[in-house]
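[1] Sequence and predicted structure are below.
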Amino acid sequence: MSNLSCAPARLLTIAIDGPAGAGKSTVARGVAARLGYTYLDTGAMYRALAWATLNRGIDPTDHATIGALARQLDIRLQPADSELHPTRVFVDGIEITHEIRTPEISAITSPISAIPEVRTTMVALQQEMGARGGIVMEGRDIGTVVFPNADVKVFLTASSHRRAERRAAELEVRGTPIPFAQLVRDIEERDQRDSGRDVAPMVPAADAVILDSDSLSADDVVQQIVHWHREAEQRRG
Ligand code: DC
């Protein structure tokens, strides 16, 4: 019997990028659960930094101070114990899992995530966290910048209308509804900022598969990605 047949299966890297509300988190968590991989929500890291910026009364346009803050903060992500729950997020030991999901934090996270020094720090942390593979990483620049050699790359998108509907349903559950027209406007503004910035703009990697979740259920997308993962494993041997 060849030694190779006893080699443990290689742990691969799966990158899931795309705009807010396309269903990335549900899909990424589903894929991670199916494969026994770790799920990493990189948006939560940028949100944690935005929360710390506000919490410390730092001017959100003070790039130098925020860049330094990104290097000092102890941001920890703890995978949730169930596929249905979000990642738990801690900054310097304080849990801020729910605090980072408000519209105010969403609004200031986008410009803060465009600061080059912030991206350098976050990307290095993300590369360290995913270095051993066995990871499903969700964000905007995972397939282009963080793991350009990821084994499976997906850019998950959907119409702004459909994304606003999903967001409205989430806010309704939380008891903090926002007028629908405003949700669509916020989503479109954020898309423009995230894809128009100079550093690591939100664009599909040249070798990413673009999926539109308007016409696909989350389960369909999970199954498709698990299938591509199997193919990638076979290619790797
Ligand atoms: O995925 P999210 O909505 O939690 O992301 C919050 C913000 O962070 C969003 O405006 C884009 C930004 N972000 C980013 O620039 N790069 C990432 N890898 C993840 C998020």
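    Done, it's in.
[2] residues from this structure in reach of the ligand?
    20, 42-43, 46-47, 109-110, 113, 139-141, 190, 194 (C-beta under 6 Å from any ligand atom). The way it works is simple: take the backbone N, C-alpha and C, and place the C-beta from them, glycine included.
[3] which of those has the most neighbours?
    Neighbour counts for the residues of the chain next to the ligand (other C-beta atoms under 10 Å) peak at G139, which has 29 neighbours.
[4] and the nearest residue to it once chain neighbours are set aside, what does it touch?
    Closest residue in space to G139, ignoring its immediate chain neighbours: T42 at 3.7 Å, by C-beta to C-beta, 6 or more residues apart in numbering. Contacts for T42 (C-beta atoms under 8 Å, 6 or more residues apart in numbering) come out as 122, 126, 137-140, 142, 146.
[5] Farthest-apart pair in those, please.
    M122 and E138 (13.4 Å; C-beta to C-beta).
[6] Can you tell me which helices and strands the helix or strand of the chain with the lowest mean pLDDT packs against?
    Ranking every helix and strand in the chain by mean pLDDT, DSSP states H and E puts helix 160-174 at the bottom, with a mean of 89. Under the contact criterion of 3 or more C-beta pairs under 8 Å, 6 or more residues apart in numbering; DSSP states H and E, helix 160-174 touches helix 180-196.
[7] In PDB, list the C-alpha atoms belonging to the helix it packs on.
    Below are the C-alpha coordinates for helix 180-196, written out as PDB (Å, rounded to 0.1, in the frame of the first residue of the first chain):
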ATOM      1  CA  PHE A 180     -37.400  50.100   2.800                       C
ATOM      2  CA  ALA A 181     -36.400  52.900   0.500                       C
ATOM      3  CA  GLN A 182     -33.800  54.000   2.900                       C
ATOM      4  CA  LEU A 183     -32.400  50.400   3.200                       C
ATOM      5  CA  VAL A 184     -32.100  50.200  -0.600                       C
ATOM      6  CA  ARG A 185     -30.300  53.600  -0.600                       C
ATOM      7  CA  ASP A 186     -27.900  52.600   2.200                       C
ATOM      8  CA  ILE A 187     -27.000  49.400   0.400                       C
ATOM      9  CA  GLU A 188     -26.400  51.100  -2.900                       C
ATOM     10  CA  GLU A 189     -24.200  53.800  -1.200                       C
ATOM     11  CA  ARG A 190     -22.200  51.200   0.600                       C
ATOM     12  CA  ASP A 191     -21.700  49.100  -2.600                       C
ATOM     13  CA  GLN A 192     -20.400  52.200  -4.300                       C
ATOM     14  CA  ARG A 193     -18.000  53.100  -1.500                       C
ATOM     15  CA  ASP A 194     -16.800  49.500  -1.100                       C
ATOM     16  CA  SER A 195     -16.200  48.900  -4.900                       C
ATOM     17  CA  GLY A 196     -15.000  52.400  -5.700                       C
END
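[8] Distance from whichever helix or strand comes after that helix to the middle of the chain?
    Along the chain past helix 180-196, the next helix or strand (assigned with DSSP states H and E) turns out to be strand 209-212. Distance, stretch centre to chain centre, for strand 209-212: 16 Å (C-alpha atoms, centre = their mean, to the nearest Å).
[9] before we move on, what about stretch 195-208?
    Using C-alpha atoms, centre = their mean, the offset of stretch 195-208 from its chain centre is 14 Å.
[10] Can you get me the start-to-end distance on it?
    The first and last residues of stretch 195-208 sit 16 Å apart, counting by C-alpha to C-alpha, to the nearest Å.
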